[in-house]
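K.L.:
quick one: sequence and predicted model below, then my questions.
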Amino acid sequence: MIVGLAPGAHGANRTGRIFTGDSSGDWLYKALHKNGLAKIPTSTSADDGQELIDTRITCAVRCAPPDNKPSTEEKIQCSDYLVNEFELLMPTARTFVALGSFAWSAIIKSLRALDHQIPVPTPKFGHGESFTWVGPDAIKRLVLGSYHPSQQNTFTGKLTKPMLNSVFKKAKSFN
């Protein structure tokens, strides 16, 4: 399960698929394909033949927020959607990848809402940071952090292709 901030106004809202039609998606789908988690290395439209393999992508909030900064009200109103999505997928979801600190916090909050005993103190976000826990169903799970593949991070070198690939390699290999 990959969690981002929100659908992109010029990507997902226009194309009908999260991380599709923008540079963030270009980076993400190349990394997923390289690690055997996507059928093809591109995602240009909802009908381009892309298929994810044992992977789901979602967002912490449901609308493209102004300046990528959701309001407190928007965070609260959207949180139930993520909790519900996790609840539906929990029987099979083992690995959660947070694209950015906002997604990291949303994952932890949603898991706690489902009575998962996340370590205390709350694990801190960072690229490549991770933690595991055993859920109420006695299944071991993993949360991995990655810098978001935004232009701000990729153009400045804060996130490189090898860095992103390493996160998805680790996500795929977790049992």
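P.N.:
Alright, I've got the coordinates.
K.L.:
buried residues in the helix or strand Leu142 falls within?
P.N.:
Using DSSP states H and E, Leu142 falls within strand 140-146. By neighbour count on 16 or more other C-beta atoms under 10 Å, the buried set for strand 140-146 is Arg141, Leu142, Val143, Leu144, Gly145, Ser146. For every residue, glycine as well, the C-beta is placed using N, CA and C.
K.L.:
number of residues surrounding Pro162?
P.N.:
Other residues lying near Pro162 total 9 when counted by other C-beta atoms under 10 Å.
K.L.:
surely His127 touches Leu159?
P.N.:
Yes - the pair formed by His127 and Leu159 meets the contact definition of C-beta atoms under 8 Å, at 7.0 Å.
K.L.:
pick out whichever of the two has more residues nearby.
P.N.:
Here His127 and Leu159 are set side by side on neighbour count (other C-beta under 10 Å), and the busier one is Leu159, at 21 against 18.
K.L.:
against Ser146, how distant is the more buried one?
P.N.:
Relative to Ser146, Leu159 is positioned 7 Å away (C-beta to C-beta, to the nearest Å).
K.L.:
now do the shared contacts for the two.
P.N.:
By C-beta atoms under 8 Å, 6 or more residues apart in numbering, Leu159 and Ser146 have these common neighbours: His127.
K.L.:
thinking again about what came up before, which neighbours do His127 and Leu159 share?
P.N.:
Residues within reach of His127 and of Leu159 at once, by C-beta under 8 Å, 6+ apart, are Ser146, Tyr147.
K.L.:
picking that back up, show the subsequent helix or strand relative to the strand holding Leu142.
P.N.:
Helices and strands here follow DSSP H and E; after strand 140-146, the next one along the chain is helix 151-155.
K.L.:
output the contacting helices and strands for the next helix or strand after that following helix.
P.N.:
Sequence-wise, the next helix or strand downstream of helix 151-155 (DSSP H and E) is helix 161-173. Taking 3 or more C-beta pairs under 8 Å, 6 or more residues apart in numbering; DSSP states H and E as the contact definition, the neighbouring helices and strands of helix 161-173 are helix 23-34, strand 95-99, strand 140-146.
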